[in-house]
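[1] take a look and give me a structure for this.
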Amino acid sequence: MRCACTIADGADVPQVSVIIPAFDAEATIDATLASATAQSVRDIEIVVVADGCTDATVARVERWTRTDPRVRLIEQANAGVAVARNTGIAAATGAFVAPLDADDLWHPRKLEWQLERFGDPGVGLVYGWYRPIDEQARVCATAATPAIEGRVLHRHLHWNFVGNGSTPLIRRAALDGIAYDPALRAARAGGCEDYLLQLQVARRWRFGCVPAYLTGYRQRAGAMSGDRGTMMRSHVAALRTIRPSLPPSARRVCDAGIARFALLSASAALGRRQVAPAAAALAQALRHDVAATGAALTEQVATIRRARASRGAAAATPGARFDDLQAGDPPSTWTPSATLAALARLDAED
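    Predicted structure coming up:
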């Protein structure tokens, strides 16, 4: 492991540590670093962990370290995103940790607005909304705009409303005793390491929300989050990992989630004509929650029908660039479902 920069003894400790794991990110790392260094909160450090890069990522980051002393580079052999994030956090010194993937973007006031929500000492994580963007940083889809706050464990088990790993700002104390789990990648089920960590934080801490579009979440061909089958398996693996530590009411929500994602994994395997993995995933779903499997199957059939009905429709026109849009536009019209409302009552009792 090699570190291109260290903080001198007696130097001021930054308020926020931005952690950027990077693997062969030469196409996007400059835009991501420009987004991080442009934050209105200036008291930050930016730790880039080059995870066995084989392209020009390291050279590009080294140029940033020469022009902005807040940027630090650590190089390590390829070990995956979980280990890279943990390496960055171990080297960081800030009171808050802000994960940022090497292809995502932030609104300039993201950290400022999130820090304002930490006035409550019981809040361990603050998230905001995000916009999916394409490889040219143009908004390419809409995303949900939830405002779920307080105790959120049951609702977060039901639905990953945070949505991606570049959105949260996390109190460093909330990470005591937990870390990103490399076991998911080792089991060929990587992708939900951020979701698993958020669930672990939610067991002990409250969440806060900034109701604004703060993150541009990159959708790229070949990206891990775009591999539907892997992501479904990763959701199952994440939920199975946290299940033993949950109280009974949360385990029931967890089991329903495992059943739902196992069924979706079976569907993805069938789409690739992989019958044996599909059968194994379906059996796993039925073992965990027969009723949830039936409900998920009904939902899947409805989704297929909607997709078939929409064939031949004109492709959406690419939208505006992420940086050109106002953080609060359009305003949210989101309302919680009946299921989320019921789970909110369980969270209130937690």
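[2] how about the strands in this protein?
    Assigned by DSSP state E, the chain shows strands spanning 2-3, 16-22, 44-51, 71-76, 96-99, 105-106, 123-133, 169-171, 206-218.
[3] report the angle between the axes of the second one and strand 71-76?
    Yep, that's strand 16-22 we're talking about. 40 degrees (axes from the mean of the first three to the mean of the last three Cα atoms, to 10 degrees).
[4] format the strands of the chain as JSON lines; extra columns: mean pLDDT and mean neighbour count.
    All C-beta atoms are positioned from the backbone trio N, CA, C, and that covers glycine. Output for these, formatted as JSON lines (pLDDT from 0 to 100; neighbours: other Cβ atoms under 10 Å):
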{"stretch": "strand 2-3", "mean pLDDT": "58", "mean neighbour count": "12"}
{"stretch": "strand 16-22", "mean pLDDT": "98", "mean neighbour count": "27"}
{"stretch": "strand 44-51", "mean pLDDT": "98", "mean neighbour count": "26"}
{"stretch": "strand 71-76", "mean pLDDT": "98", "mean neighbour count": "21"}
{"stretch": "strand 96-99", "mean pLDDT": "98", "mean neighbour count": "24"}
{"stretch": "strand 105-106", "mean pLDDT": "98", "mean neighbour count": "26"}
{"stretch": "strand 123-133", "mean pLDDT": "96", "mean neighbour count": "24"}
{"stretch": "strand 169-171", "mean pLDDT": "98", "mean neighbour count": "22"}
{"stretch": "strand 206-218", "mean pLDDT": "97", "mean neighbour count": "23"}
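[5] dump those to TSV, plus distance to A84.
    Formatted as TSV, the strands of the chain follow (distance: least, Cβ to Cβ, whole Å):
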stretch	distance to A84
strand 2-3	13
strand 16-22	3
strand 44-51	4
strand 71-76	7
strand 96-99	10
strand 105-106	19
strand 123-133	20
strand 169-171	16
strand 206-218	17
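[6] figure out which of the ones you listed is closest to S249.
    Nearest to S249 among the strands of the chain is strand 206-218 (17.6 Å), distances taken as Cβ to Cβ.
[7] how far does that closest one sit from its chain's centre?
    11 Å (Cα atoms, centre = their mean, to the nearest Å).
[8] begin at 575 from now on, thanks
    From this message on, residue numbering opens at 575, which makes the last subject strand 780-792.
[9] what's it packed up against?
    For strand 780-792, the elements it packs on are strand 679-680, helix 684-690, strand 697-707, judged by 3 or more Cβ pairs under 8 Å, 6 or more residues apart in numbering; DSSP states H and E.
[10] so can I have JSON lines of those showing distance to A599?
    Output for the helices and strands packed on strand 780-792, formatted as JSON lines (distance: least, Cβ to Cβ, whole Å):
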{"stretch": "strand 679-680", "distance to A599": "13"}
{"stretch": "helix 684-690", "distance to A599": "20"}
{"stretch": "strand 697-707", "distance to A599": "15"}
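[11] not counting sequence-adjacent ones, nearest residue to G698?
    W779 (2.7 Å; Cβ to Cβ, 6 or more residues apart in numbering).
[12] wait, doesn't the one you found sit right on R746?
    No: with contact defined as Cβ atoms under 8 Å, W779 does not count as touching R746 (11.8 Å).
[13] show me the domain layout of this protein.
    Structural domains assigned to the chain are 576-803, 821-882, following automatic domain parsing.
[14] between those, which gets nearest to D921?
    Taking the domains of the chain one by one with Cβ to Cβ, domain 576-803 is closest: 4.2 Å.
[15] and L813, how far from E686?
    Computed as Cβ to Cβ, to the nearest Å, the L813 to E686 distance reads 34 Å.
[16] so if I had to pick from the two, which one is more boxed in?
    Ranked by neighbour count (other Cβ atoms under 10 Å), L813 and E686 place L813 first, with 26 against 15.
[17] thought that one was touching N734?
    No: the pair L813 / N734 is not scored as a contact, 10.4 Å apart, by Cβ under 8 Å.
[18] now do the contacts for the residue nearest to G698.
    696-699, 745, 748 (Cβ atoms under 8 Å, 6 or more residues apart in numbering).
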